[in-house]
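# build me a model:
(chains A, B, C and D)
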There are 2 protein chains.
Amino acid sequence: MESEFAATLKGLNMKVTPKRLAILEILSKESIYLSPEEVWQLMKERFKSIGLPTVYRNLEDLSNGGAITKVIHPDRKLYYFCCRNQEHHHHFVCVFCRRVEDISYCGNKEIVNEVSTTLKGKVLSHVLQVYGICNSCINENES
Amino acid sequence: MESEFAATLKGLNMKVTPKRLAILEILSKESIYLSPEEVWQLMKERFKSIGLPTVYRNLEDLSNGGAITKVIHPDRKLYYFCCRNQEHHHHFVCVFCRRVEDISYCGNKEIVNEVSTTLKGKVLSHVLQVYGICNSCINENES
DNA sequence: CCATAAATAGAAATCATTTTCATTTAATAA
DNA sequence: TTATTAAATGAAAATGATTTCTATTTATGG
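Now for the predicted structure:
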């Protein structure tokens, strides 16, 4: 039988390659977001030959396909996170440990209402991301 | 008497220089967000000698001081917008003409509530930005 | 007007990300 | 299974936005 990740790739019309499976496995194992460089380092433990562009390309493609998510970071670099939740939702990101957690809150209805009423505009999409300190980091740092 | 922009700079403990005044004037005159490169092009119409790094530095400093705002863009490049509204608020960005408009809606209360209740975490900040089609662009494109 | 720290220009460096292209591989049909 | 072919990959090189460096200029306070 095929793995969950193979099914994911097929669903995106992407060929099932060992590299892609590994990227998905690596990301889904992490509770924190990773940079392409970091994914590459982890890939190097598994493959004798693995190019950084391959990692960049696949992260981009997987992200476009919705299998993984980009994290919005103040440094404007690329970071990815794999989250099982397929519903529309947003993320709480810990600024200390980079843990990503889902938040279900989304003001879409209110936003659409304000934009259409006040600005007479049409909403196409929105980004919402919350930065803070996760529970683990709060507990670790209390005196 | 000193200009509003001079006052802004002094408030940020930044020396009042012609370049900085021009950057503020250029940005505040636009209803759309600009890239550093674009600001530079406009600066070159006013100064015989103006370096791109100066534009980058000042946009960064003005942004850190809160005099201007960074726009979150999918291409992850830097874009700035000058908005008079000093209250905490978010922006509606037109994907066609790059116009930026304020939206007052902000789910901060609900977000803080969910994060503290469900995740037992602490919210430090959040970004919310709405993409869509502004009223002018809707009207221009209707058949 | 002077002194001095800050700001600037210009050139160069940085470095994350992307492109190129030759080679390999997964998917599909025979 | 094997042949076919489009897609995926590696390695090297390119790209280009952004930052750094350093000598010079300038704004500001006295």
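# neighbours around A:N64, how many?
Neighbourhood size, A:N64 [other Cβ atoms under 10 Å in any protein chain shown]: 11. Any C-beta I mention is one placed from the backbone N, CA and C, and that applies to glycine too.
# before we move on, what SS does it have?
Here A:N64 is helix, with the state taken from DSSP: H, G, I helix; E, B strand; the rest coil.
# give me the pLDDT for it.
pLDDT, A:N64: 97.
# again, but for A:M1
At A:M1, pLDDT is 61.
# list the contacts of the biggest strand by length in chain A.
With secondary structure taken from DSSP state E, chain A has its longest strand at strand A:122-133. Strand A:122-133 has contacts (Cβ atoms under 8 Å, 6 or more residues apart in numbering or on different chains) with A:71-72, A:90-96, A:103, A:106-108, A:111-112, A:115-116, A:141, B:72, B:92, B:95, B:107, B:111, B:115, B:121-133, B:138.
# just the buried residues of that strand, please?
Neighbour-count burial for strand A:122-133 flags A:V123, A:H126, A:L128, A:Q129, A:V130, A:Y131, A:G132, A:I133 (criterion: 16 or more other Cβ atoms under 10 Å in any protein chain shown).
# surely A:A6 touches A:K15?
No: using Cβ atoms under 8 Å, A:A6 is not in contact with A:K15; the gap is 10.1 Å.
# these two: who's more crowded?
Per other Cβ under 10 Å, whichever of A:A6 and A:K15 has more neighbours is A:A6, with 15 against 8.
# hmm, the lowest-mean-pLDDT helix or strand in chain A touching chain B?
Across the helices and strands of chain A, mean pLDDT, DSSP states H and E gives its lowest value to helix A:135-141, namely a mean of 92. Yes: counting by Cβ under 8 Å from any Cβ of the partner chain, contacts between helix A:135-141 and chain B involve A:N135, A:I138.
# and that helix, how far from the chain's centre?
Centre-to-centre, helix A:135-141 and its host chain are 23 Å apart (Cα atoms, centre = their mean, to the nearest Å).
# what comes up buried for that helix?
Those would be A:N135, A:C137, for helix A:135-141 by 16+ other Cβ under 10 Å.
# give me the residues contacting that helix.
Applying Cβ under 8 Å, 6+ apart, the external contacts of helix A:135-141 come out as A:C94, A:F96, A:C97, A:R99, A:I133, B:L119, B:K120, B:G121, B:K122.
# spit out the contact partners of A:W40.
Applying Cβ under 8 Å, 6+ apart, the residues near A:W40 are A:I50, A:L52, A:V55.
# any idea how far chain B is from it?
When distance is defined by Cβ to the nearest Cβ, to the nearest Å, A:W40 is 19 Å away from chain B.
# swap in A:T8?
23 Å.
# host element of that residue?
Counting by DSSP states H and E, the element that carries A:T8 is helix A:4-11.
# quick check: buried residues in the helix or strand following that helix?
Using DSSP H and E, the next helix or strand after helix A:4-11 towards the C-terminus is helix A:18-29. Within helix A:18-29, the residues that count as buried by 16+ other Cβ under 10 Å are A:K19, A:R20, A:L21, A:A22, A:I23, A:L24, A:I26, A:L27, A:S28.
# residues in chain A within reach of DNA strand C, list them.
Chain A has residues A:9-10, A:15-18, A:35-37, A:52-53, A:56-57, A:60, A:77-78 near DNA strand C, with proximity defined as Cβ under 7 Å from any atom of the strand.
# can you sort out which of the residues you listed also neighbour DNA strand D?
A:K15, A:T17, A:P18, A:P53, A:R57.
# of these, which is the nearest to B:K44?
A:P53 (36.1 Å; Cβ to Cβ).
# how close does that closest one get to A:E60?
As judged by Cβ to Cβ, to the nearest Å, A:P53 and A:E60 stand 10 Å apart.
# so, low pLDDT: which residues of chain A?
Scanning chain A with the threshold set as pLDDT under 70 gives A:1, A:143.
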